[in-house]
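Student: Here is my input, please return the structure:
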Amino acid sequence: MVPDLAGWKRERMPDALGDEDTPAHDDVPPDWVCEVISPRTERVDRGKKMRIYRREGVGHVWLLSPLLRTLEVYRLEGGRWVLLETYEYEEDAKVRAEPFDAVELDLAAIWTR
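Tutor: Model prediction:
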């Protein structure tokens, strides 16, 4: 199973950074994943993948829907997914979404054709 996007905290992957002998996959689950939802993948992304990410201790999951132009941000708390926010399309949408809330993201740029 491969997420559309994944990220690890630097301190959890110190040996893998820049190491050409490191495989493309690793045994360390990501700290964050993003799934791009489509009608074909939505059931698996929201069901099976979310359960696996929970079991493996992934800290945050983003579900990005190009059709609805939404970003759902989830955080794992006590073994359960908590929906923190659902961001919807707006022309000048700038968001601070966990775990990247230190950085303002231009969400509107994702939906620009």
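
Student: Tell me where the longest helix sits in the protein.
Tutor: helix 50-56 (DSSP state H).

Student: Downstream of it, the next helix or strand is which one?
Tutor: strand 60-65 (DSSP states H and E).

Student: Can you pull out the residues in contact with that following strand?
Tutor: For strand 60-65, the surrounding residues in contact (CB atoms under 8 Å, 6 or more residues apart in numbering) are 31-37, 45-46, 50, 53, 70-76, 81, 97-99, 110. All C-beta atoms are positioned from the backbone trio N, CA, C, and that covers glycine.

Student: do that again at 7 Å, thanks
Tutor: Here strand 60-65 makes contact (CB atoms under 7 Å, 6 or more residues apart in numbering) with 31-37, 45, 50, 53, 71-75, 81, 98-99.

Student: Could you check how far Arg43 is from Glu35?
Tutor: 12 Å (CB to CB, to the nearest Å).

Student: Need the phi and psi values for Val44.
Tutor: Per-residue torsions, Val44: phi -70, psi -40 (degrees, to the nearest 10).

Student: now swap in Glu11 and tell me
Tutor: phi -70, psi -20.

Student: swap in Pro99?
Tutor: With angles defined as degrees, to the nearest 10, Pro99 sits at phi -90, psi 10.

Student: on that earlier part again, inside strands: which ones of the contacts of strand 60-65?
Tutor: Taking DSSP state E as the definition of strands, those contribute 32-36, 71-75, 81.

Student: Can you report phi and psi for Lys48?
Tutor: According to degrees, to the nearest 10, Lys48 has phi -60, psi -50.

Student: Neighbours of it, how many?
Tutor: Applying other CB atoms under 10 Å, we find 11 residues neighbouring Lys48.

Student: can you pull the pLDDT of it?
Tutor: With respect to pLDDT, Lys48 has a value of 97.
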